[in-house]
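Undergrad: I need the structure of the sequence given here:
(one chain, ligands or ions: 3)
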Amino acid sequence: MQNHLLHTINFPEDLRKLAPEDLPELAKELRDYIISVVATKEGHLGASLGVVELTIALHYVFNTPEDLLLWDVGHQAYGHKILTGRREQFHTNREWGGISGFPKRSESIYDTFGVGHASTSISAALGMALASNLKGDHQKQHIAVIGDASIAAGMAFEGLNHAGVTDANLLVILNDNAIGIDPSVGALKHYLTNVKKGIQKENNIMEALNFDYYGPIDGHDLPKLLKVLKRLKTKKGPKLLHVITTKGKGLKQAEADQVTYHAPGKFDAKTGELVQKTSSDGPLKYQDVFGLTLVELAKTNENIVGITAAMPTGTSMKYLMKAFPDRAFDVGIAEQHAVTLSAGMATQGLIPFCAIYSTFLQRAYDQIIHDVALQKLPVIFCLDRAGLVGKDGATHHGVFDLSYLRCIPNMTIFAPRNEIELRNIMYTAQQGLEGPIAIRYPRGKGLISDWKQPFESIEIGKGQLLRLGKSVVVLSVGTMAENVSEALEDLPAAHYDMRFIKPLDEDLLHDIFKNYTTVITVEDNSVKGGFGAAILEFAATHDYHNTIKVLGIPDTFVNHGEVGELQDFVGLDAESIRAVVSQVLQD
Ligand SMILES: Cc1ncc(C[n+]2csc(CCOP(=O)(O)OP(=O)(O)O)c2C)c(N)n1
Ligand SMILES: CC(=O)[C@@H](O)[C@H](O)COP(=O)(O)O
Ligand SMILES: [Mg+2]
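TA: Ligands and ions are numbered 1, 2, ... in the order given. Sure thing, here's the model as predicted:
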């Protein structure tokens, strides 16, 4: 019978009723189930397949949810979700109204900590463990499962460093598959490779940090996992178990091409073959226009360098890494370091393009202010995945960057309306600016097939008229212009692409405020502190009393779903914008 074991398990207490000999069969069923659902619903495949045995073993040995289990990043937690009450909902994974693709406290008592961003698990688990100590509970275990790429981040080291001087019941499980989304990088990766090869026998780095170190062990060997975990369950204090796993385990293609199968989109569950979405003609993704343009510019400007924090594929920095390996740097999951490294390079006359997803740049906020902006260093921040990103949801939407960057002195902020504008601002920026610039662009494809046009400079701080109109004007930034154009179609409202969120085109704004009674702003950033807020500040400063309506992301965290669904929800789809403009025109 298909999935006969998996179907008996709703919660870990059911799992614990199985005999240890049944667990390999359960692992097979769980793996097949993940594959069958992700094949059609899409999502993070490789990481979850890699920890199937570990997931079963952890819930089998430990008394979850009393013992607290945390998944770093959380993209590997599909098995955990299925075994903890969400088997029947799993087909709604990452869909609007469905379960989240990451552990989320509001979703289940078994999701002990909300995740999505990397390297938080050790600190959070340690916090819980210290809380248990303070409450006099010295039996409870606190388990952080963290990958080899995530443990190399500064934040994870901070957690280890602290944990090593405590008596907290903390078990860190290092899930070492030697890859993040792209191959892992850095000296720690070499160290771990040496440990696996048995070369590194002395000076264990974890023991030096005062952790009891166990392993490395085969993370797909269930009997071995059970034996070791049972032993560790009785051990007090900080300890680390090093398990070796294969990302994509159990699906041939996913094991062979781990980068693609990290999140492969739709594929054939039986053969593993990818379902090709569309032909390769037509517009490229913004990330590719960025990556290819960077190579083009780097060919003519030898001072250009590229920096990515563990996302060479996601940001398309991979093109520069291939063309100019010496001038492109993947620093791993280390956004803070990436920013200050860029600052250092800029002091020496290099021109750093520091490409980081909008949401992950949040982690490097002080570095942007203290190391870059305060010293007016011309770092070129390329914020990919700005705006609503879709199915990754609340942890990943890039909807705060305009707010968090706009308040920083010396910062220029530009949002390209299309791929050509992206190219031109990159071209402009590398010619030399007096300080940093942030260029923010969205996830996914652009609009223009023949995007590779000759470069033109963009005048800093100047907006553009897109369409004339009467009494009502819509001011948009970035790719929101497309929704606005569609919304206005036959309406008599004017439309400007303001392009720069900072500095604002004040001359243009004075004209606008004198000529239109109502100003509507549109942005895919929070309404708090973003572009619309800048226009409100401008009006207040200059004593304009026009009616101003600010459309953007409301002051709430937006869940996961298709971008179109999310735009409907927040009122940024063309129809909703049209409704607002029509209403104002009638008033
Ligand atoms: C702060 C932050 N930066 C970047 C990412 C993007 N990201 C998601 S998973 C991942 C790789 C994680 O690799 P690893 O910890 O080894 O786990 P594995 O995928 O191998 O299971 C990265 C870079 C993130 N989630 N958070
Ligand atoms: C888990 C994680 O943070 C990444 O895998 C993220 O989902 C990548 O997003 P993109 O698909 O937009 O590159
Ligand atoms: Mg890994």
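Undergrad: Who are the packing partners of the host helix or strand of Tyr60?
TA: Applying DSSP states H and E as the criterion places Tyr60 in helix 52-61. Packed against helix 52-61 by the contact rule (3 or more C-beta pairs under 8 Å, 6 or more residues apart in numbering; DSSP states H and E) you find helix 12-15, helix 23-41, helix 78-81, strand 142-147, strand 170-176, helix 222-233. For glycine as for every other residue, the C-beta is placed from the backbone atoms N, C-alpha and C.
Undergrad: check whether the third one contacts ligand 2.
TA: To tie it back to what came earlier, the one meant is helix 78-81. No - figure legend: helix 78-81 not in contact with ligand 2 (C-beta under 6 Å from any ligand atom); closest approach 12.0 Å.
Undergrad: Following element in sequence after that helix, please.
TA: helix 121-134.
Undergrad: how about the residues of the chain near ligand 2?
TA: With C-beta under 6 Å from any ligand atom as the criterion, the chain meets ligand 2 at residues His44, Val73, His75, Ile181, Ala263, Gly314, Arg385, Val389, Asp392, Arg443.
Undergrad: which of those lies closest to Gln431?
TA: Proximity of those to Gln431 (C-beta to C-beta) peaks at Arg385, which lies at 26.1 Å.
Undergrad: What's the local residue count around that closest one?
TA: A count of nearby residues for Arg385, using other C-beta atoms under 10 Å, gives 28.
Undergrad: contacting residues for it?
TA: The contact partners of Arg385, taken as C-beta atoms under 8 Å, 6 or more residues apart in numbering, are Gly314, Tyr357, Ser358, Thr359, His396, Gly398, Pro442, Arg443.
Undergrad: Report the separation between it and ligand 3.
TA: 21 Å (C-beta to the ion, to the nearest Å).
Undergrad: Contact partners for the nearest residue to that residue once chain neighbours are set aside?
TA: The shortest distance from Arg385 to any non-neighbouring residue, by C-beta to C-beta, 6 or more residues apart in numbering, is to Tyr357 (4.2 Å). Neighbouring residues of Tyr357 by C-beta under 8 Å, 6+ apart: Met311, Gly314, Thr315, Leu383, Asp384, Arg385, His396, Gly398.
Undergrad: Bridged to Tyr357, which residues?
TA: Beta bridges link Tyr357 to Asp384, judged by DSSP bridges.
Undergrad: do the same with Phe267
TA: Beta-bridge partners, per DSSP bridges, of Phe267: Leu274.
Undergrad: how many other residues sit next to it?
TA: Based on other C-beta under 10 Å, the number of other residues close to Phe267 is 22.
Undergrad: And for Ile205?
TA: Residues within reach of Ile205, counting by other C-beta under 10 Å, total 15.
Undergrad: Please apply the same query to Thr92.
TA: Quick note: Thr92 (other C-beta under 10 Å) scores 15 neighbours.
Undergrad: surely it meets Gly98?
TA: Yes - with contacts counted by C-beta atoms under 8 Å, Thr92 reaches Gly98, the gap being 2.6 Å.
Undergrad: I'd like the distance between whichever residue of the stretch 1-150 of the chain sits closest to ligand 2 and Glu302.
TA: Ligand 2 sits closest to His75 of the stretch 1-150 of the chain, with a gap of 3.9 Å, by C-beta to the nearest ligand atom. Distance of His75 to Glu302, given as C-beta to C-beta, to the nearest Å: 38 Å.
Undergrad: what would the contacts of Arg385 look like in CSV with secondary structure and distance to Ala131?
TA: Formatted as CSV, the contacts of Arg385 follow (DSSP: H, G, I helix; E, B strand; the rest coil; distance: C-beta to C-beta, whole Å):
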residue, secondary structure, distance to Ala131
Gly314, helix, 35
Tyr357, strand, 32
Ser358, helix, 32
Thr359, helix, 28
His396, coil, 28
Gly398, strand, 32
Pro442, coil, 40
Arg443, coil, 37
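Undergrad: which of these come close to ligand 3?
TA: Applying C-beta under 5 Å from the ion, the subset of those adjacent to ligand 3 is empty.
Undergrad: Mind putting those into CSV with distance to ligand 1 and pLDDT?
TA: Formatted as CSV, the contacts of Arg385 follow (distance: C-beta to the nearest ligand atom, whole Å; pLDDT from 0 to 100):
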residue, distance to ligand 1, pLDDT
Gly314, 7, 98
Tyr357, 7, 98
Ser358, 12, 98
Thr359, 8, 98
His396, 8, 98
Gly398, 13, 98
Pro442, 17, 98
Arg443, 13, 98
